[in-house]
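Colleague: Attaching a predicted model along with its sequence, questions to come.
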Amino acid sequence: HKSYTYGAGARWSPNSRTYVYLDVYSDNFVSKYDYWQTAEKEAYEETRKRTHYVNETLRGIFRLASWNKLSAGAEMVQESLNSQSDNIDFETTNTYNLFAQDEVRILKGLEGVVGLRYTQNDNFGAALTPNASLFFHTGGLRIRASYAGGYRTPTLSQLYATDQAKTAARYTLFNTDLKPEKNHFINANVEYSNQWLSASVSAFMNKIRDMINYRTLPQAEIDADATLAALQDEGWTTIRQRDNIDRATLKGISASLRLLLPGGVTVGGGYTFTDSEAETQTLDKKTQQYVVTTSPVDKSVRHVGSVQLAWDHEWGNYHLNVNLNGHLQGRRYSSTYGYAPAYSQWNLHTRHAFSLVHCIVEPGLGIDNLFDSCDRSYWNSNFSTISPGRSVVASFAIRYR
């Protein structure tokens, strides 16, 4: 496997009110199989996957007035895919984007943002995705509300790849008739902070439609196509293809609190509750009819919490920082493996700073996974954590004045 990336950027600022940026980025990857000998032939090489991605972005930020700032630009993305394993000779796609966003101070303490993105794709035509938000602040109080639309075109692999899982006798067809995935995201947030307290509460909802998943073909559809029937005769018991068969809704609430107490003590914590529901079409093999099933969204977690306790203190030229952090997570759902068990992991880190004449010496010592939390489930399970267990970490830094 080989990969390399490269990029370059430039900024031009003719005056204090105008900034123009040009950025170019490329990501390249190739994976090959080198066979020494097989039953069919002698040594040969096979390209499993070769991808090429280039992104060029030109954007400008323009301060039109003390109360108005405009951001606008253009983006071009070129992608290519080659894969002998997936029977893809050479496929390409180009995406062109135009975007603009205007930030306006409406009244004292009230600001608004309106944006629009235009996308033109070689395979899927044009689309518009808007976003808008309001921000109110007074003293230590901040209130935000926002909306954003989303649009994601299928990948080249989803469009053109043909996968063969011989051990499962499963054959996956490509589908060039896929549609882009779309979503609507709404978020509201309230924050309050002062010298000793910081608190935040957020609520969110994300509705996704036309999600791409695997659709098992019914027997009638296989019988009506000679190519599919031939695949079944070859021993492929399950024939499927990618299709826009899923919908999902995620909604939840997140809260956090941080307190600065006397004596250099900081106490904090957070909690996120996520309620998710995914709808997908599955084939009943007995009736050969599609039924809509509901489940949590794949990889979703309903309950996640965090705890932080820190202490800072100085004795002359010596400064001590102690941090105890805890991550608590409920069961994580997998559409393939079911639920992973709940778990918690705690890390204890200390940093010691010695102020010398010409430098500051900072050794650090800590323990990750303080209580040795591990998931010992059998292989091919949905693991809650892949941590190997308790470990000691150490660091050392010198900062010259």
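Modeller: Great, that's in hand. Residues are numbered from 1 along each chain as shown.
Colleague: Tell me how far Thr47 lies from Asp246.
Modeller: Noted for Thr47: a distance of 31 Å to Asp246, by C-beta to C-beta, to the nearest Å. Using the backbone N, CA and C atoms, a C-beta is placed for each residue, glycine as well.
Colleague: Also Val113?
Modeller: Applying C-beta to C-beta, the value for Val113 to Asp246 is 31 Å.
Colleague: re earlier: if you count what's nearby, which of Thr47 and Asp246 comes out ahead?
Modeller: A side-by-side neighbour count of Thr47 and Asp246, using other C-beta atoms under 10 Å, places Asp246 first with 20 against 14.
Colleague: which residues touch the spatially closest residue to the more buried one that is not a sequence neighbour?
Modeller: Spatially, and ignoring its direct neighbours in sequence, Asp246 is nearest to Met211 (3.6 Å; C-beta to C-beta, 6 or more residues apart in numbering). When contacts are counted by C-beta atoms under 8 Å, 6 or more residues apart in numbering, Met211 touches 181, 244-248, 278.
Colleague: same thing but 7 Å
Modeller: Counting by C-beta atoms under 7 Å, 6 or more residues apart in numbering, Met211 touches 181, 244, 246-248.
Colleague: Buried among those? Need that as a selection in PyMOL.
Modeller: Here is the PyMOL selection string for the buried members of the contacts of Met211, based on 16 or more other C-beta atoms under 10 Å:
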select buried, resi 181+244+246+247+248
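Colleague: ok, of the contacts of Met211, which one's closest to Asn189?
Modeller: Checking the contacts of Met211 against Asn189 with C-beta to C-beta, the nearest one is Ala248 at 22.3 Å.
Colleague: low pLDDT regions in the protein?
Modeller: Counting by pLDDT under 70, the low-confidence segments of the chain come to 38-41.
Colleague: Do you have the helices of it handy? List them.
Modeller: Taking DSSP state H as the test, the helices found in the chain are 156-160, 219-223, 226-233.
Colleague: For those, state which one has the densest average packing.
Modeller: helix 156-160 (a mean of 18; mean count of other C-beta atoms under 10 Å).
Colleague: Restricting to C-alpha, output it in CSV.
Modeller: Output of helix 156-160 as CSV, limited to C-alpha atoms (Å, rounded to 0.1, in the frame of the first residue of the first chain):
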residue,chain,number,x,y,z
LEU,A,156,-16.9,6.1,-7.5
SER,A,157,-16.6,2.7,-5.7
GLN,A,158,-20.4,2.8,-4.9
LEU,A,159,-21.2,3.5,-8.5
TYR,A,160,-18.9,1.1,-10.3
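Colleague: how near is Ser146 to Met205?
Modeller: 12 Å.
Colleague: from what I can see Pro363 touches Phe396, true?
Modeller: Yes - using C-beta atoms under 7 Å, Pro363 is in contact with Phe396, at 5.1 Å.
Colleague: Give me the more crowded residue out of the two.
Modeller: Each of Pro363 and Phe396 has its neighbours counted (other C-beta under 10 Å); Pro363 has more, 14 against 9.
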